[in-house]
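In: One predicted model, sequence on top.
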Amino acid sequence: MLARVTTILPYVKRYQRYLWAGLAAVAAHNALRLLAPMVLRQAVDRLREGITMQAVWSYAGLVIGLALVAGVFLFLMRRTLIWASRKMEFDLRGDLFAHLLKLPPSFFDRTPTGEVLSRASADIDAVRTMLGPGIMYSANALIVGAGAVPFMFYLDWQLALYTLVPLPILSLAVNRLGTIVHRRFMAIQKHFAVISAHTQETLAGIRVVKSGSHEQLRHEEFIRLNDEYVALNMKLIRTQALFHPLLYFLAGMAVVVVLYFGGRSVIDGRISLGSFVAYTLYLAMLIWPMIALGWVVSIYQRGTASLKRIDQILAERSDIADRSTENADREFSGEITFKDLTFAYPGAERAVLDKLSLQVPAGQTLALLGNTGSGKTTLLRLLTRSYPLAADSILIDGTDINDIPLVRLRELFGVAAQEPFLFSTTLAENIGFGLPESPPQEKLAELADTAGILGEIEELPHKWQTIIGERGITLSGGQKQRVSLARALAVGPRILLLDDAFSSVDTQTEEHILDRLAHHFAGRTVILVSHRVSTARRADRIAVMGEGKIAECGTHDELIARGGRYASLVEKQALQEQLEAI
């Protein structure tokens, strides 16, 4: 509980003056409301004694005036407290998103996207409701109770004792039902995350779903999850449904007590009719806070449950942190050294890389070949510190990458992956992603031409302003790879990482792209992962990976002469090309 208070306290402090102003408005609003019954008491008692119409209008005007001024404070109450809760929601959601961006890939490896989306939407909304309406109605109930009860004792202390007997019973009922509400709401939020994950995965993989005619299966699974969600909500609703009838019953019992004992007091002449009317109005004022109390407890239970889920994410800490800012402004030439690099993914039993050593001189192009699972992609991921690394296992220009600030380190790289991620926006914005300003169209055209995608962009109806859909779904695999390549080139990287970035294009297109890339490779360090020998032979050196190590390394001619894995791969691909030609 302390951790959750610590999480929300900075936001409360940030807008505390609005909260205090709102609470002051609550107090003023209710103070004026509490005066109205005493005015009516005086008016009713004077009616029995005889009163002029002028006096009646005076009392009526006073009641209306109190109501109007109370209405102004009611507006200010909602304007300050609800506004403050919306601002806290805005800040909390922004901070949560910023925190998510700092978390390492290992967090997202183990946390479904739907779970994260649920906490960033439904849970934050529940916290906002607790901080806005929850505080407002709690303060309202407390102030009305604190004000009305003394007046009730002042008017008839015996009647007040009879009337307030149900309140301890109400407190016990609220406490018990509130615990049940909390537990059931937690179950609902967890299941909502499961539904969100299922929906997100289905829509993200809609082509796979449709190509396999799995729509019915996914729909049936969604219906099953939705039925469970409805069942969990119905359990919560049944609990909450008990709240209001119980509160109304207890309130009704209080009214019966007032009518019986209060009526007898009036008949016996112990209190005046005006006092009885005023007492009844104070009791009516207490009924809504009693009802609101149950709702506030429900809001509080939901809010604390959601805050706990949000706090779990905010408590996550990246295992990749900057050691210092010493190399923040340093210029690097791009020499890369892998020294006895061993790495295993979190939770994995075996290492992907095992004491791998390799050096890539600045400005040279290295081609990486190897069987699937040999560790090529992992090697590139580790260059950008996507996972924690042992000291001095990867160096750039002789400096341990752990000693280079993450922002500066990642500015050195341009990455084009085999399965690129494109955003659901225009082609121009995708290629210019990561740049402080959108590049001019001439620059975009140059980058697209180098990546071999310019002609296809020019043929589109909206050209650069074409919306490519979620994850670039409207583009083919080869088109997505070439857009990703143009994006990698746009940042002008010192080191270019091409992770099988031409696997979805034909050999002729790849040759055309590589010819145009030649001037981009000049002066840059390039690591080129490929399965094609025709691509690898263009590199200054070729490294063949196997079992997490560098099996052999050298130029094309050196490796052919050596007669090892590379030479065998060359023979296999040559034979394959001959068979395809036949």
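Out: Thanks, I have the structure now.

In: For the strand or helix carrying Leu35, could you pull out the residues that count as buried?
Out: Using DSSP states H and E, Leu35 maps to helix 16-49. Applying a neighbour-count criterion of 16 or more other C-beta atoms under 10 Å, the buried positions in helix 16-49 are 18-19, 21-23, 25-30, 32-41, 43-45. To be clear about C-beta, it is placed using only N, CA and C from the backbone, and glycine gets the same treatment.

In: before we move on, what about stretch 304-320?
Out: Of the residues in stretch 304-320, 304-311, 313-314, 316, 320 count as buried by neighbour count, 16+ other C-beta under 10 Å.

In: what residues does it touch?
Out: Judged by C-beta atoms under 8 Å, 6 or more residues apart in numbering, the contacts made with stretch 304-320 from elsewhere in the structure are 1, 3-4, 7-8, 92, 95-96, 99-100, 102-104, 106-107, 116, 119, 122-124, 126-127, 130, 182, 185-186, 189, 385-388, 406.

In: are any of those buried, and which?
Out: Burial by neighbour count, 16+ other C-beta under 10 Å: within the contacts of stretch 304-320 this picks out 4, 7-8, 92, 96, 99-100, 103-104, 106-107, 116, 119, 122-124, 126-127, 130, 182, 185-186, 189, 385, 387, 406.

In: Could you list which of the residues you listed belong to strands?
Out: Applying DSSP state E to the buried ones among the contacts of stretch 304-320, no entry is found in strands.

In: Render the CA-only coordinates of stretch 6-17 in CSV, please.
Out: Written as CSV, here are the backbone C-alpha positions of stretch 6-17 (Å, rounded to 0.1, in the frame of the first residue of the first chain):
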residue,chain,number,x,y,z
THR,A,6,4.4,6.8,-3.1
THR,A,7,3.5,6.3,-6.8
ILE,A,8,0.6,8.7,-6.8
LEU,A,9,1.8,11.3,-4.2
PRO,A,10,3.9,13.4,-6.6
TYR,A,11,0.9,13.9,-8.9
VAL,A,12,-1.3,14.9,-5.9
LYS,A,13,1.4,17.4,-4.7
ARG,A,14,1.7,18.8,-8.2
TYR,A,15,-1.9,19.9,-8.3
GLN,A,16,-2.5,20.2,-4.6
ARG,A,17,-3.6,23.9,-4.8
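
In: From the chain's centroid, how far away is it?
Out: 20 Å (C-alpha atoms, centre = their mean, to the nearest Å).

In: Show residues contacting it.
Out: 19, 84, 87-88, 91-92, 127, 131, 307, 310-311, 314.

In: Equivalent analysis for stretch 188-199, please.
Out: Defining contact as C-beta under 8 Å, 6+ apart, one finds that stretch 188-199 is touched by 112-115, 117-119, 122-123, 126, 218, 221-222, 225-226, 228-229, 232-233, 236, 305-306, 309.

In: try 7 Å this time
Out: By C-beta atoms under 7 Å, 6 or more residues apart in numbering, the residues outside stretch 188-199 that reach it are 112-115, 117-118, 122-123, 221-222, 225-226, 228-229, 232-233, 236, 305-306, 309.

In: Now, the residues you listed that are in helices?
Out: Of the contacts of stretch 188-199, the ones assigned to helices by DSSP state H are 113-115, 117-118, 221-222, 225-226, 228-229, 232-233, 236, 305-306, 309.

In: Would you write a PyMOL line that selects the buried entries of those?
Out: Applied in PyMOL, the following selects the buried portion of the ones in helices among the contacts of stretch 188-199 according to 16+ other C-beta under 10 Å:
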select buried, resi 114+115+117+118+225+229+232+233+236+305+306+309
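
In: give me the number of residues near Ala284?
Out: Neighbour count for Ala284, taken as other C-beta atoms under 10 Å: 14.

In: next SSE after the strand or helix carrying it?
Out: Ala284 belongs to helix 273-314 when assigned by DSSP H and E. Secondary structure here is assigned by DSSP H and E; on that basis, the next helix or strand after helix 273-314 toward the C-terminus is strand 336-343.

In: which strands and helices sit next to that next one?
Out: For strand 336-343, the helices and strands in contact under the criterion 3 or more C-beta pairs under 7 Å, 6 or more residues apart in numbering; DSSP states H and E are strand 353-360, strand 394-396.

In: try 8 Å this time
Out: strand 353-360, helix 376-383, strand 394-396 (3 or more C-beta pairs under 8 Å, 6 or more residues apart in numbering; DSSP states H and E).

In: what does the average pLDDT come to for that strand?
Out: For strand 336-343, the per-residue pLDDT values average out at 89.

In: which residues sit against it?
Out: Identification of contacts with strand 336-343 by C-beta under 8 Å, 6+ apart yields 351-360, 378-379, 382-383, 387, 389-390, 392-396, 398, 495, 525, 527.

In: 6 Å instead?
Out: Residues from elsewhere that reach strand 336-343, judged by C-beta atoms under 6 Å, 6 or more residues apart in numbering: 351-360, 393-396.

In: Would you mind listing which of those are buried?
Out: Looks like the contacts of strand 336-343 have 351-353, 356, 358, 360, 393-396 buried, using 16+ other C-beta under 10 Å.

In: Met545: which of these is nearest?
Out: Each of these was checked against Met545 using C-beta to C-beta; the closest is Leu356, at 8.0 Å.

In: Who does that closest one form a beta bridge with?
Out: Applying DSSP bridges to Leu356 gives these bridge partners: Leu341.

In: Spatially nearest residue to Glu326 (excluding sequence neighbours)?
Out: Leaving aside its sequence neighbours, Glu326 sits nearest to Asp403 (C-beta to C-beta, 6 or more residues apart in numbering; 6.7 Å).
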